[in-house]
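Novice: pasting the structure only:
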């Protein structure tokens, strides 16, 4: 295990005497201390919660299982016929003990962080009366991998958990057929090592919008999801039909800036600005002068209408549809 820890230095794993420190996330790290079997741990466990103790026990059992599995693989490798004579000796790979545990904990941490962010974003949308459906399938790769029939079942079962971990997040947005999907993949052995996100999106109103493949930072994934939802909110506003004479119809002018434009029957031009984050949804409308056209809002005038939806705002809040109906009046 110490040999394996030394080759993981580029991933933040450090060693000191009998201690191995494995980073899991910004808020969590794993400390593995090699101690005597008969050493008293009562004082150390007194300050730990039952959840932390259960996790520590699970990790210790996993390490023992992985060590036994590595010994079996090493024995099989040593009993095989040797290769033809070569000037270099066949290298012995380091046992995979820390890497599977590290990959599992990091993958679980990334799932929880993204799930928390999406839950906050959903609460903001629900505060504005917007219904969206988000779902998650955690560790979907474990259920689809088939154990090999060439090795004993006990070894093939462990081998399943040495493969890359995958989880998926998906969501249906506001406008019909609009959706997104995020696949999280964590690999500890085969390059590229680490966690990567594959994002796909279907926005019929903006078919040219396609995200980057293999994103490595969770902050970029969160920004991409928020941007897709903001685009769909703007599209939903433009599709909302206003009944009655004299009401303006909104058209998306600058989608990536969340800006919509409208001209009422009196010839008055207006601009609407949509801003979305995991904390709030803000919409403002401005009047435009004839000289400026659709370029910029009038700097000297304040917003005609403005509202900010937050999930923790006390009392009833107007829905997005009600606000758009009011903003579309003369």
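Specialist: Alright, I've got the coordinates. It should be emphasised that the depicted structure is a prediction, and the values quoted were computed from it without experimental measurement.
Novice: what's near enough to touch the nearest residue in space to residue 118 that is not next to it in sequence?
Specialist: Nearest non-adjacent residue to residue 118, counting by CB to CB, 6 or more residues apart in numbering: residue 134, 5.2 Å away. C-beta: built from backbone N, CA, C; applies to glycine. With contact taken as CB atoms under 8 Å, 6 or more residues apart in numbering, residue 134 is in contact with 118-119, 122, 169-171.
Novice: Just give me the closest of those to residue 68.
Specialist: Each of the contacts of residue 134 was scored against residue 68 by CB to CB, and residue 169 proved nearest at 34.6 Å.
Novice: tell me the contacts of the one residue sitting closest to the centre of the chain?
Specialist: Central residue check for the chain by CA atoms, centre = their mean: the C-alpha nearest the mean position is that of residue 114, 3.6 Å away. With contacts defined as CB under 8 Å, 6+ apart, the neighbours of residue 114 are 169, 182, 184, 218, 221-222.
Novice: and these as JSON lines, adding secondary structure?
Specialist: Shown next, in JSON lines, are the contacts of residue 114 (DSSP: H, G, I helix; E, B strand; the rest coil):
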{"residue": "169", "secondary structure": "strand"}
{"residue": "182", "secondary structure": "strand"}
{"residue": "184", "secondary structure": "strand"}
{"residue": "218", "secondary structure": "helix"}
{"residue": "221", "secondary structure": "helix"}
{"residue": "222", "secondary structure": "helix"}
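Novice: which of these lies closest to residue 309?
Specialist: When these are compared against residue 309 (criterion: CB to CB), the nearest one is residue 222, at 18.9 Å.
Novice: mean confidence score for the helix or strand encompassing residue 118?
Specialist: Residue 118 is part of helix 98-127 when elements are defined by DSSP states H and E. Within the predicted structure, the mean pLDDT of helix 98-127 is 93.
Novice: Against residue 159, how distant is the residue of the chain most remote from its centre?
Specialist: When distances to the mean C-alpha position of the chain are computed (CA atoms, centre = their mean), the maximum falls on residue 85, with 49.7 Å. Here the distance between residue 85 and residue 159 works out to 31 Å (CB to CB, to the nearest Å).
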